[in-house]
Every structure is written in C-alpha cells, then in structure tokens.
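>>> A structural model of the following input is requested.
(one chain, ligands or ions: 1)
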Amino acid sequence: MKNIGAKIIALDCETAQKIITNDDLTKILDTSDEWISTRTGIKQRRVTDKDKSSTDLGIEASKKVIRRSNFDVNSIDLIIAACSAPEDIYPSVSCLIQKATGAKNSACFDLRGACAGFIYSLNCAYAFIKSGIYKNILIVATDTTTKYTDWSDRSTSVLFGDGAGAVILSAQENDDDIIGVDLLADGACADYITLKIKGKTCPLVEKGTDETKPFIQMKGKDVYKFVMTKIPSEIEELLKKTNTKIENIDYFIPHQSNQRMIDGLSERLGIESQKVISNIKDYGNMSAASILVAIREGIDSNKINLPAKILISAFGAGMTGASAIIKLDKNI
Ligand SMILES: CC(C)(COP(=O)(O)OP(=O)(O)OC[C@H]1O[C@@H](n2cnc3c(N)ncnc32)[C@H](O)[C@@H]1OP(=O)(O)O)[C@@H](O)C(=O)NCCC(=O)NCCS
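This next block holds a predicted model:
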C-alpha cells in the first residue's frame, strides 16, 4: 500500500491596500495610539474599500499562489475557502474563486471556522488527500472583517484588518509536510464572539420583525481567558501526539489577534522570542488569513529561513481552536 502524504507546494497572500493607523482612528473614536498599542500591539491595519470583498482578496491570493508555483489549474480538484464573514451567503466564495482562476475541474465549498478556519481547512484537505479522494487542493483563507465592524464600538473596531492567504496542497508519495493537526471547539462559549445576520420572517407569519445589525460583538476578556487556558494544553497535546519536542520547532506562528496573547502563549510554551513570528503591529487581526500572511511576510523578509518546522495555532468565534505542526520546504 502506498504511503501518501501532503506536500505544501506554494503559499501566497494579499492584503487590503488602505492603511488606517491608530492615530487615524482617534478621529472617529474616543481612543488613543497609546491604549491600542499597549493593550493589543497593533499600530495600524489594512482596510478594504467598498469595491473590494473577501472574494476579491481571495482571488488575488489564489492567482498569486498559482503563478508562484506555475500550477496547472486544471489539476486542482478541490477549492476550500475559509471565509467566515463573506459578502454574500451564496454563491460561495470558493465557487467565485474557481470562476476567476479557471480551476474548472474542482469541487468547491466554504468552511466557517472563524479565525481558526485556515487550520480547520488544512485538516480537511489533508484528510481528503490521505484518503485518496483528491490530489490537488487549493485552500484560500480570506476575510474582510472590517466590513462587519461597528466603527462606533472602540472595543472591537480597533482590532481587525482585511487580508487573504492561499496554499496549494498536493498528494505526494513517501513525503508529508503535515506532521500533525489538532482541532477543538467549545460551543458553550458561543456567545464570546458573535456576528448575527438574521433573515426576515415571512410577513404572513409575523409582522414588523426587528432587523439585527450585522456587527461583530465580543466579550474580549472571556476570549482572552479562553485562549490562555485552552490553547497551551491543546498545543502540548499536539506535541505529545506527534512526538515533537518544543525545542525542535523552528518557528511559532500563532493567530495574530493580540501581541499580549502571542507573548503569553510563547512564554507558557517555553518558546524563545526569536522563534516567534508576529506582524500584528502592521495588520491587526486578519482572521483566518493572519497566519498565512505572517508566513509569507516572514519568508520574504528573511525572518523565516526555510526549510523549517513550524507550529501554527489559531482560535476564533465558535469558540474554535486549531493547531498544526507543518514543514515548509525551500521555494514555497
Ligand atoms: C479587547 C481587549 C484588547 C480589551 O482589553 P482589556 O484590557 O480587556 O480592556 P477592557 O475591555 O477591560 O476595557 C478596559 C477599559 O478600556 C476601555 N476601552 C476599550 N476599548 C478601548 C479603546 N479602543 N480605546 C480606549 N479605551 C478603550 C473600556 O471602555 C474600559 O473602560 P472602563 O474601565 O472605563 O469601562 C482584550 O480583552 C483582548 O484582546 N481580548 C481578546 C480579543 C480577541 O483577540 N478577539 C479575537 C479573537 S479571534
């Protein structure tokens, strides 16, 4: 029986163009650069204009990753879009990416794992490859969370930015870049981060139903506590399961949601600061795209030297959590 693994062929990203600094935000909010920087580590974020959507950023990231690897789009047999706040409920973001890239032989679906959506998608793609169902999978993590931000709410609007990342995963005999993945979810904490989009009830059933405003609402302190209590033990479990010593991890790239959480997790796991990759200062929290943008930037700026064994870990609404240990080869 063949030993089939998954190879990470290429990785790329796209971010929104417009930069909004903390000082810019003081024009519309009762806040300060000092408050935002010290509590979150964020100095600026990228925000899409009205003509750009999660799908647009996802398409750009997909085209880049296809170009980078010179990949034959006809051989892509599945597209998974990790997008939790799309502009439309349907058509799916993945179908629109298929149309724009010409990957016409692919099946398509979107996966809503919030900020943990990329690692959830990675595990899903990996299972398809290991089982032999699909050989070449494009994963696109894209979110324009700023479109669902209440810009009068200073406790949430300062945190987010818009971006996308894309990865091509291919079946490979006797090689495997996915060393291990662990997923968790805790629906009991569902009200920690919400984005409610209620439809309208038929007027024959009920008249004058209230319309809810589709904005992110968050219990920041509860999220913080969830992450600091659940994620370190999940990572420790993953290290055990994969027989990996923390000192053999070359880089730790956690979800970019708050520099204090990044520091707290690294400290708790005993990872030296030079191994920790963070770009939250320049981008804020780009939801599912955060880790991929941090990897691409880290490689391009020589903060990440390849080949490398990388620990990635994310968490988000749901609440969801997900961690993975992956190998990245040179020239991705
Ligand atoms: C959001 C977060 C930065 C808030 O920090 P905090 O230390 O918990 O701050 P609090 O919510 O207790 O607010 C403290 C005070 O700052 C104020 N405040 C909140 N946002 C502010 C802002 N942008 N500027 C200035 N003051 C602000 C609050 O109103 C509060 O004032 P009060 O004491 O007069 O009531 C922090 O809880 C956090 O990062 N949580 C995790 C969120 C996250 O990562 N979510 C995404 C997960 S994918």
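
>>> what does the stretch 1-150 of the chain have sitting close to the ligand?
Proximity of the stretch 1-150 of the chain to the ligand, by Cβ under 6 Å from any ligand atom, involves residues 31, 35-36, 39-40, 115. The C-beta positions use only the backbone N, C-alpha and C, and glycine is treated the same way.

>>> name the helices or strands packed onto the helix or strand hosting residue 24?
Using DSSP states H and E, residue 24 maps to helix 22-25. Under the contact criterion of 3 or more Cβ pairs under 8 Å, 6 or more residues apart in numbering; DSSP states H and E, helix 22-25 touches helix 33-40.

>>> quick check: next helix or strand after the helix it packs on?
Heading C-terminal from helix 33-40, the first helix or strand you meet, by DSSP H and E, is strand 44-47.

>>> in the next helix or strand after that following strand, what's buried?
Sequence-wise, the next helix or strand downstream of strand 44-47 (DSSP H and E) is helix 54-69. Along helix 54-69, the positions that meet the burial threshold by neighbour count (16 or more other Cβ atoms under 10 Å) are 54-66, 68-69.

>>> can you list contacts of the following helix or strand past helix 54-69?
Moving toward the C-terminus from helix 54-69, the first helix or strand encountered (DSSP H and E) is strand 78-82. Residues outside strand 78-82 that contact it (Cβ atoms under 8 Å, 6 or more residues apart in numbering): 58, 62, 92-94, 97-98, 103, 106-113, 117-118, 120-121, 124-125, 128, 134, 136-142, 288.

>>> could you find the closest non-adjacent residue to the residue of the chain found nearest the ligand?
Residue of the chain nearest the ligand, by Cβ to the nearest ligand atom: residue 220 (2.8 Å). In space, and not counting its chain neighbours, residue 220 is closest to residue 155: 6.1 Å by Cβ to Cβ, 6 or more residues apart in numbering.

>>> output the contacting helices and strands for the helix or strand where the one you found lies.
Using DSSP H and E, residue 155 sits in helix 154-157. Using 3+ Cβ pairs under 8 Å, 6+ apart, the elements in contact with helix 154-157 are strand 216-218.

>>> quick one: distance of the very next helix or strand once past the strand it packs on to the chain centre.
From strand 216-218 onward toward the C-terminus, using DSSP H and E, the following helix or strand is helix 220-241. Counting by Cα atoms, centre = their mean, to the nearest Å, helix 220-241 is centred 17 Å from the centre of its parent chain.

>>> quick one: mean pLDDT over helix 220-241.
Mean pLDDT, computed over helix 220-241, is 97.

>>> distance check, the residue in the chain sticking out farthest from the centre against residue 198.
Of all residues in the chain, residue 204 has its C-alpha farthest from the mean position, at 41.2 Å, by Cα atoms, centre = their mean. Distance of residue 204 to residue 198, computed by Cβ to Cβ, to the nearest Å: 18 Å.

>>> ok, now residue 249?
Using Cβ to Cβ, residue 249 is found at 43 Å from residue 198.

>>> one step back: what helix or strand is the residue farthest from the centre of the chain on?
Under the criterion DSSP H and E, no helix or strand holds residue 204.

>>> distance of it relative to residue 211?
Noted for residue 204: a distance of 18 Å to residue 211, by Cβ to Cβ.

>>> domains of this protein?
What automatic domain parsing lists as the domains of the chain is 4-176, 179-187+217-328.

>>> I'd like these as JSON lines, with distance to residue 194 appended.
Output for the domains of the chain, formatted as JSON lines (distance: least, Cβ to Cβ, whole Å):
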{"stretch": "domain 4-176", "distance to residue 194": "10"}
{"stretch": "domain 179-187+217-328", "distance to residue 194": "5"}
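
>>> which one of these lies closest to residue 193?
Each of the domains of the chain has some distance to residue 193 by Cβ to Cβ; the shortest is domain 179-187+217-328, at 3.8 Å.
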